[in-house]
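Student: predicted model follows, preceded by the sequence.
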Amino acid sequence: MALMLMGVVSGLGQNTAELTTHDAPATFSTKVNLVMVPVVVRDGKGKAIGTLQKEDFQLFDKGKPQVISRFSVEKAGEARIPAEVATDEAALDPSTPAKPAAPIAQRFVLYLFDDVHTSTADLMQARNAADRHLSESLDATTRAAIFTTSGLGNLDFTDDRTQLHEALLKLMSRPTIGAPGSECPDLSYYMADLIQNKNDTTALHAAAAEVLASCDPPPPGESAQQAEQMGETVAQSTASRVLSLGERDARLALTVLQDAIRRLASAPGDRALILVSSGFYLTDERRFDETDIMDRAIRANVRISSLNARGLYATVPGGDASTASSAGGPAVLNVKAQYDRESAIAEEGILEELADATGGRYFHNNNDLKAGFAEVAAAPEFVYILGFAPQNLKLDGAYHALKVKLITPHGLDLQARRGYYAPRHLPDAEEDAKREIQEAMMSRDEMQDIPLELHLQFFKSSDVAAKIAVLARLNLKNLHFRKADGRNNDNLTITSGVFDRNGNYITGMQKILELHLLDATLDKLLNSGVTVRTNLDVTPGSYVVRLVVRDSEGQTMAARNGVVEIQ
């Protein structure tokens, strides 16, 4: 018979309590630990392979080889631990078998539509393709959410196809910068950055020439030098205005990406973010924010994939039929065409970089957007996670370029994170423990370092109130006790969390079980185990219960899933 703890202090010794528990709210926070590098390796047919070992990889930080101290292979679709089904305490016949477990939401896909940087035509094509994709692919264990860069029309995670369809129908382009050709001179955010921040005289002269040719021709008799100065003044003023608007939109896009990752981080299962955009430009000042987003996504196990909503396209010198022809003659036209090509490449770059850094896919230069959604929504069959502790790392926030190589490539294609920024202070052990518990709580994976049994009971006290009892039966044989003052010491953190059917965290409780056991007591408990009960108040409904246990001395963990249906 296991020793049962009900959340009160229990003592087996005459002077010092051998087992004590105290409760705390289940709160979570994240912290940087090792540098984690997701890597996807594909063969010549684009299929991910999962047969490589740690010894097959080389990892370089700023060109210096690093020791890969952590290595794992994540396989898509691996079976999760079976869920324990709750029993009704009020049932007349306790031997009546419980109802089969309802499917647990195990995969969360957030579709982020960039309605600020994407044209109406491109957004509509992507919207229609996404609608067809979701109507055919959404299954009982997957939840989808619709977010937008503008923040308008967001829909949280659901499996309701009607709600998803209606949310997609509401999508529309919401640009804050005027359409190309609406200003004179006609400057892109990229070109404005060149003029204002990088002192590109070629870009400035091209913009000034456009001013003099069509925007504000010089009056008769004005010298060429005066005209050029006037053109440059107008061009710089326009560049300043375009740069300010572009900076605002770039910050908005990055902030929304951070919010989307934060939302996914609280989703209990496999997490994917699909960015649907025509791309957007980032100045040098925003590159740190981009890397921070990559870091956040990797720490939260969020895989970012990107779909370029432009499909198959080519830049047209002078713009398409909807854009006014650039004035200033062939020389200006050629210069601006070159900048347009460079801008398009830079705008696409962030889509590819985010995917590469987090193990996602980048779909582009193809008009079959429905097939594109299927490609980017599919999890890579295998993802290698390489972890390393940087050698002689300076806590200065500096950027570190990463390079991952295969010892023997054999024609394989490798996709990996490109870099990271160094932290500005060392991680805290207590915060690391909280982070590990949070990551385990927001997963659906089995952990068995500590033998753990989960039993669930519920009692419905009224039509609007119910109670879930979470019973964790712990086998102490695998624990690493610290011997001090004749006692065997260890602390167990037992966290119980309740989620609704769409993965929203409802409530939770954390118990700290402090063990200061005499040898005789430890011998008894090694045979009987310890059972800890946690009671959680809920309303009638369908729930998923996640139980996570971590010990402080051995830093080992266990985790189980359960389902509760209270009608």
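Tutor: The structure has been received and is ready for your questions.
Student: which helices and strands sit right next to whichever strand or helix holds residue 512?
Tutor: Assigned by DSSP states H and E, residue 512 belongs to strand 505-517. Here strand 505-517 touches strand 19-25, strand 487-500, strand 530-538, going by 3 or more C-beta pairs under 8 Å, 6 or more residues apart in numbering; DSSP states H and E. Where C-beta positions appear, they are placed from N, C-alpha and C, glycine not excepted.
Student: deepest of those, which one?
Tutor: Across the helices and strands packed on strand 505-517, averaging neighbours per residue (mean count of other C-beta atoms under 10 Å) puts strand 487-500 on top, at a mean of 21.
Student: how big is the angle separating it from strand 505-517?
Tutor: Put simply, strand 487-500 runs at 170 degrees to strand 505-517, going by axes from the mean of the first three to the mean of the last three C-alpha atoms, to 10 degrees.
Student: could you report the pLDDT at residue 116?
Tutor: We have a pLDDT of 94 for residue 116.
Student: low-confidence bits of the stretch 101-250 of the chain, can you list those?
Tutor: 101-102, 177-182 (pLDDT under 70).
Student: partners of the strand holding residue 512, with directions?
Tutor: Strand pairing for strand 505-517, determined by DSSP bridges: strand 19-25 (antiparallel), strand 487-500 (antiparallel).
Student: the shortest one: what's the following helix or strand?
Tutor: Past strand 19-25, heading to the C-terminal end, the next element that is a helix or strand (DSSP H and E) is strand 35-42.
Student: from the chain's centroid, how far away is that next one?
Tutor: With C-alpha atoms, centre = their mean, to the nearest Å as the basis, strand 35-42 stands 15 Å off its chain's centre.
Student: stretch 213-222 too?
Tutor: With C-alpha atoms, centre = their mean, you get 53 Å for stretch 213-222.
Student: and that stretch, C-alpha only, in PDB?
Tutor: Only the C-alpha atoms of stretch 213-222 are listed here, as PDB (Å, rounded to 0.1, in the frame of the first residue of the first chain):
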ATOM      1  CA  ALA A 213      12.000  64.600 -64.200                       C
ATOM      2  CA  SER A 214       8.400  64.300 -63.000                       C
ATOM      3  CA  CYS A 215       7.800  65.200 -59.400                       C
ATOM      4  CA  ASP A 216       9.000  68.800 -59.100                       C
ATOM      5  CA  PRO A 217      10.800  70.000 -62.300                       C
ATOM      6  CA  PRO A 218      13.200  72.900 -61.700                       C
ATOM      7  CA  PRO A 219      12.000  76.400 -62.800                       C
ATOM      8  CA  PRO A 220      13.600  77.900 -65.900                       C
ATOM      9  CA  GLY A 221      17.000  79.500 -65.300                       C
ATOM     10  CA  GLU A 222      17.900  77.400 -62.200                       C
END
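Student: mind listing what's buried in that stretch?
Tutor: Residues of stretch 213-222 classed as buried by neighbour count (16 or more other C-beta atoms under 10 Å): 213-215.
Student: give the contact list for residue 456.
Tutor: 84-87, 468-471, 545, 562, 564 (C-beta atoms under 8 Å, 6 or more residues apart in numbering).
Student: least trustworthy helix or strand in the chain by mean pLDDT?
Tutor: Here the helix or strand of the chain ranked lowest by mean pLDDT, DSSP states H and E is strand 3-5, holding a mean of 51.
Student: find me the pLDDT at residue 535, would you?
Tutor: For residue 535, the pLDDT comes out at 94.
Student: and it, how far from residue 459?
Tutor: In this structure, residue 535 and residue 459 are 9 Å apart, going by C-beta to C-beta, to the nearest Å.
Student: give the residues shared as contacts by the two.
Tutor: 467, 469.
Student: rewinding a little: would you single out the least confident of the strands paired with strand 505-517?
Tutor: Confidence, taken as mean pLDDT, is least for strand 19-25 of those (a mean of 66).
Student: on that earlier part again, between the strand holding residue 512 and strand 530-538, how many degrees?
Tutor: Counting by the same axes, to 10 degrees, strand 505-517 lies at 160 degrees to strand 530-538.
Student: how far off centre is strand 505-517?
Tutor: Its chain's average C-alpha position is 27 Å from that of strand 505-517, according to C-alpha atoms, centre = their mean.
Student: got it, and stretch 263-275?
Tutor: Using C-alpha atoms, centre = their mean, the offset of stretch 263-275 from its chain centre is 6 Å.
Student: from here on, call the first residue 4.
Tutor: Shifting the count to begin at 4 puts that one at stretch 266-278.
Student: how long is that stretch end to end?
Tutor: End-to-end distance for stretch 266-278, by C-alpha to C-alpha, to the nearest Å: 14 Å.
Student: for residue 361, give its distance to residue 230.
Tutor: 51 Å.
Student: out of these two, which sits in the busier spot?
Tutor: Ranked by neighbour count (other C-beta atoms under 10 Å), residue 361 and residue 230 place residue 361 first, with 27 against 17.
Student: quick check on the more buried one: phi, psi?
Tutor: Taking degrees, to the nearest 10, you get phi -120, psi 10 for the backbone angles of residue 361.
Student: my guess is it contacts residue 421. True?
Tutor: No - if you go by C-beta atoms under 8 Å, residue 361 and residue 421 don't touch, sitting 10.8 Å apart.
Student: domain parsing of the chain, as residue ranges.
Tutor: As recorded under automatic domain parsing, the domains making up the chain are 6-33+431-569, 110-181+252-315+344-380.
Student: for residue 48, which of those is the nearest?
Tutor: Smallest distance to residue 48 across the domains of the chain (C-beta to C-beta): 13.6 Å, for domain 110-181+252-315+344-380.
Student: and the end-to-end length of that closest one?
Tutor: Span of domain 110-181+252-315+344-380 from end to end, C-alpha to C-alpha: 11 Å.
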